[in-house]
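**Student:** build the 3D model from these lines:
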Amino acid sequence: MLPDKLRSIFRRENGAVSPVGAGPRYASPPAGVSARKILKKDGSTIRQSRGLEQFFFDIRDVVGLSVLDLAGANQDNIDFLIDLGHKVYTQDLVRSIDEAFGRDLAEQANASRIEYFLKQNFDYPKDTFDGVMLWDSLQFMSPALLSATVDRLYDVMRPKSYLLAFFSASERVVEVPSYAFRIVDNKTIHLTERGTRPTGQVFNNRNLEKLFSKFSSVKFFLTRENLREIIVRR
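**Tutor:** Purely as a prediction, here's the structure:
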């Protein structure tokens, strides 16, 4: 729920948060945010993200886009996207995975549960979104759920739209950290680790290109935190 002070300038339509009179804006990094990273006392990290920067570069100078943010109802992300003039849809995809399947990856092969999961999270008309921010959620899916989710994303994304996703670059692990992601500015993110989770499979460049083979392009960025960031163009 948006704070009272914002209700006078924003309206909600079909579950999305929409700007009224907003225009394009790219925030400057807050004081102290360097080109490297800042480790905070609570263990979280503020750092630059090439993938995030590319995502906003690709949708620059356009307002009124529909963006799906799958980090949950994160107020910082909602405010930032609204200030750019976009309509925001939110869902916590990692939490939805737990609600539909628990932590057992074997349950993610259940066809009826997969269909329930897709309806709960992606029940939108074809060609709805101009941008999707998946963050690290896909790496916690088994092959069956992952394939079904990517196929549904292809349907609800518009041609020439963009998708942002993060994957662990460690290929010999069975569990990887899960993060909460907050947008600081158009090229800086605040990451807070929220424990480790089993990963559904190994993700490398070749596997990711195959996963998004229906899409027109995949671009990779490797970070110091051993995260592989990707931008996918529909």
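**Student:** and the gap between Phe181 and Ser142?
**Tutor:** 22 Å (CB to CB, to the nearest Å). For glycine as for every other residue, the C-beta is placed from the backbone atoms N, C-alpha and C.
**Student:** higher neighbour count, those two?
**Tutor:** Phe181 (22 against 19; other CB atoms under 10 Å).
**Student:** so in the chain, which helix runs the longest?
**Tutor:** helix 143-156 (DSSP state H).
**Student:** the protein: helices as residue ranges?
**Tutor:** With DSSP H as the criterion, the chain has helices spanning 4-7, 50-58, 75-83, 93-101, 111-122, 143-156, 205-211.
**Student:** can I get those helices in TSV with distance to Ser217 and mean pLDDT?
**Tutor:** TSV is the format used below for these (distance: least, CB to CB, whole Å; pLDDT from 0 to 100):
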stretch	distance to Ser217	mean pLDDT
helix 4-7	36	35
helix 50-58	11	95
helix 75-83	23	95
helix 93-101	23	94
helix 111-122	22	96
helix 143-156	13	97
helix 205-211	10	93
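**Student:** partner residues bridging the closest residue to Ala73 other than its chain neighbours?
**Tutor:** Nearest non-adjacent residue to Ala73, counting by CB to CB, 6 or more residues apart in numbering: Thr90, 4.7 Å away. Per DSSP bridges, the residues bridged to Thr90 are Asp69.
**Student:** what is the burial count for Thr90?
**Tutor:** 20.
**Student:** tell me who's in contact with Val174.
**Tutor:** Taking CB atoms under 8 Å, 6 or more residues apart in numbering, we find Val174 in contact with Pro198, Thr199.
**Student:** gap between Ala180 and Asn205?
**Tutor:** When Ala180 is compared with Asn205 (using CB to CB), they lie 26 Å apart.
**Student:** should've said Ile82
**Tutor:** For Ile82, the distance to Asn205 - CB to CB - is 34 Å.
**Student:** give me the pLDDT for Ala169.
**Tutor:** You'll see Ala169 listed with a pLDDT of 84.
**Student:** for Gly200, same thing?
**Tutor:** 77.
**Student:** for it, which non-adjacent residue is spatially closest?
**Tutor:** Gly200 sits nearest to Ser142 (CB to CB, 6+ apart), 4.4 Å away.
**Student:** dump the residue contacts of that neighbour.
**Tutor:** So Ser142 contacts Leu105, Ala106, Gln108, Ala109, Gly200, Gln201 (CB under 8 Å, 6+ apart).
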